[in-house]
Each structure stands twice: as C-alpha cells, then as structure tokens.
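[1] Pasted the sequence and its predicted model underneath.
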Amino acid sequence: MKTSQNIFLIFSFLACLTGSFTPSRVEAKSSVPAKKLFGSQILPAALKPKVHGSYTRGCISGAKAVPLDGPNWQTMRLSRNRRWAHPDLVRILEDLSIKGSKKGWDGLLIGDMSQPRGGPMLTGHRSHQIGLDADIWFMPMPDKRMTYLERENTSAVSVLKKNTFYVDDKRWTQGHTNILYLAAKYREVERILVHPGVKKKLCDTVKGDRRWLHKIRPFWGHHYHFHLRIGCPEGSPGCKSQNATPKSSGCGKNLAWWFKTGLVPKKKARKTGKKKKKKKPRHLMLSDLPGSCEAILNAPSSSLANATHKIRSADFSAPKIDIPIFSALAVINSKPIESRKSALKSLIAGTEISQIPIPKKRPAH
C-alpha cells in the first residue's frame, strides 16, 4: 500500500475516534477514491431512506442497521460495519429468518450488506453500494450466540465437493433448498446469485413448482454464501434498476455454458519474453457517482439507536457484544469468510468481485 494511502487511512481512523470526519467539497474534488470517502463513514445520513444510482455505482441515505442479534439471526464480520441497508431489505431479512426457522434452517448468518452511506467499499464487492444487497452464509446459525472474535474468525464452508464445480451431497440439505425457495418467493427479491454448481443442484432436484428458479442466477464464487438482491424501492426515483431476469428456469443451455466455458480455467499464454505492464485499476471517484452522493456524505449522522432496526419480537433479549471502535485499517485486514482457497482459480475464493473475469459472451445473470 502506498504511503499516501496509509496516511489517509490513519487520518480516517483518528477522525473516526473523534467523530470529526466529514468529507468536504475540497476533498470531493481531490484524487481521493470514493471508496475511502464512503468506507470511513460510521453512521448513516440522517435523511429519509432513498437509493441513489445503481448497484455498482451509487449510495444510500437513511439506511438502517440489522441488529447484531435477532431471534433467528446473527451478523458476522462486525469489524467491517457492513450491516446497513434500505429498511425494505432489513424487514425482508427479519421475515426470512422467521420463515426459514420453520422450514429446516436454524437461523441466518448475515454477512456483508452495505456501508452506512453505501458507496464503493474499501475491500471486496463491486456491488452492495445502494443498500439493496445482502450475503447470507450457506451455514445455519449455531445453537449459541457467538462472541465478537468468533464472528470475526469463524469461516463459512463451501457447499462444493473439493476441487470440483459440483455440490457435495454430504453438505447439502433440504434446508438449503428451502431457504433459497423462501428468499426467492419475496416479490421484492429480483435475483439471488449462487455458484453454478448450486444452481445445477436445484435444477436436478427441485420438483413441483419450479417457477422460482428463474430468480436463482449462476455466478462466479458464491459457493459459501448466496447473494440476495431486491429491486429499486418506492420513493427512490434516482435508483437505477437491472434488467429483469428471464422467466425460464435457467436450467438449460445457459447453465451448461458455465461448466463448458465459464468455470474452465484459461490456458496460460506462452511467454514472449516481454512483460506486459499491468494496468493500474481505476478507482471510482465521487464524480463518478450520482451528484446527490456528495450531499449524503456531508449530511449529519443519525444516532446508532435511531438507525438500528427495531426487532419484531418484544420477548427477545440480545446478548451484549463489545465491539471495538470502527477502524478503516481493521476493514482492510479483515479475514475472508471462506474456510479455504480453492485449488481451482475459477472458484474465485477470496478474490475481489472487481477482479473476476467476465467474458463478453455469457448468459445474463
């Protein structure tokens, strides 16, 4: 990491300690990447819930935090401060956790959602920028409440057979199918990204009503969690929607493409003696985002109490968890959620979504 980057992160960390960090218009026009401006925010903008821009280029005001614990969920990797989303998504997750507990899924382990004000992240996801995305681990909640350190260090486990693209039947249960079915049945949910092997498993085993399968979209990675995405909510005219998913089940030629082409590692090119210069990644700047995102960065913050979703069950008492003061450095040093890196590069375990090769000719996801 370059010296200037270290200086900025240290500044952000110290500013977070004092609560004094508010990006100014001067900083907005500087060469600071947007991910550093948004990645240093601790709390959401005290504005009405509204989505601005697209899933990969936007921000959110009035975001709500999923409580650290609920009757049927626990949030993970707390150091990242990515348990924020549009209130509609938070309510869906709470409802899904209740329905899932009645259908063989003992509770949700909720991974990355969005940052308090959305925007590009310091690490990882290219999407998750407007509070409409959530990663749910392919592991049911354990029968105990995890400590802060356990939530930081516990690894998700891939549902694939080792060194293959196919689901391990010893790890896959009816509960896995049920939770995906329940998630897909929400009208607001537009698509759920899973590994192609998971999609194939569903195509091979789901009987009866298969209409919901069109929302289950194959994509690289996503073999240790599924990525749930809702559509643009009401009251957000600046939200840019995706194309609708095809109405077909997606179990035919498009799925076969992944196993014949999409997941197959590319052959290494012969060395010519000349080393190609690596292109420096172009980071999104604030100017690349909707103009309203600057105002969201500069807006006053909500209090954590007011910005946290109120749990539906009045009888549930959450355990106290001591969370260290937020640090941008902690985010950068955060552990990946998977238990191991696959020997097959195409599984993309632990790789930033922005680094995943996306061929031009591929089925829509």
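    Thanks, I have it.
[2] Can you give me the end-to-end span of stretch 223-237?
    End-to-end distance for stretch 223-237: 34 Å, by C-alpha to C-alpha, to the nearest Å.
[3] repeat for stretch 72-87
    18 Å.
[4] And the strands in this structure, which stretches?
    For the chain, applying DSSP state E gives strands covering 50-54, 57-61, 64-65, 69-70, 73-75, 84-85, 108-110, 133-137, 189-194, 216-218, 225-230.
[5] quick one, helices of this structure?
    3-18, 25-28, 34-39, 87-101, 148-153, 174-184, 196-205, 253-257, 292-298, 304-307, 328-332 (DSSP state H).
[6] relative orientation of the fourth one and strand 133-137 in degrees?
    For helix 87-101 and strand 133-137, the angle between their directions (axes from the mean of the first three to the mean of the last three C-alpha atoms, to 10 degrees) works out to 20 degrees.
[7] Would you mind listing the buried residues in helix 87-101?
    Of all the residues in helix 87-101, those buried under the rule 16 or more other C-beta atoms under 10 Å are 88, 89, 90, 92, 93, 94, 96, 97, 98, 99, 100, 101. Placement of C-beta: from N, CA and C, glycine included.
[8] The residue nearest to the first one when sequence neighbours are not counted: what's it in contact with?
    What that stands for is residue 88. Once flanking residues are discounted, residue 88 sits nearest to residue 233: 4.8 Å by C-beta to C-beta, 6 or more residues apart in numbering. Neighbour list for residue 233: 49, 51, 86, 88, 132, 188, 239 [criterion: C-beta atoms under 8 Å, 6 or more residues apart in numbering].
[9] mind listing what's buried in stretch 146-157?
    Under 16+ other C-beta under 10 Å, the buried positions of stretch 146-157 are 146, 151, 152, 154, 156, 157.
[10] who touches residue 211 in this structure?
    Contacts for residue 211 (C-beta under 8 Å, 6+ apart) come out as residue 249.
[11] so what pLDDT did residue 271 get?
    Predicted confidence (pLDDT) for residue 271: 66.
[12] All further residue positions should be reported with the first residue as 33.
    In the new count, where the first residue is 33, that last one comes out as residue 303.
[13] if we can go back for a sec, of all the contacts of residue 265, which comes closest to residue 278?
    Of all the contacts of residue 265, residue 220 has the smallest distance to residue 278: 18.7 Å, by C-beta to C-beta.
[14] pretty sure the closest one contacts residue 261?
    No. Counting by C-beta atoms under 8 Å, residue 261 is not a contact partner of residue 220; they are 9.6 Å apart.
[15] Could you check which of these two has the larger neighbour count?
    More neighbours surround residue 261 than the other of residue 220 and residue 261, with 20 against 16 (other C-beta atoms under 10 Å).
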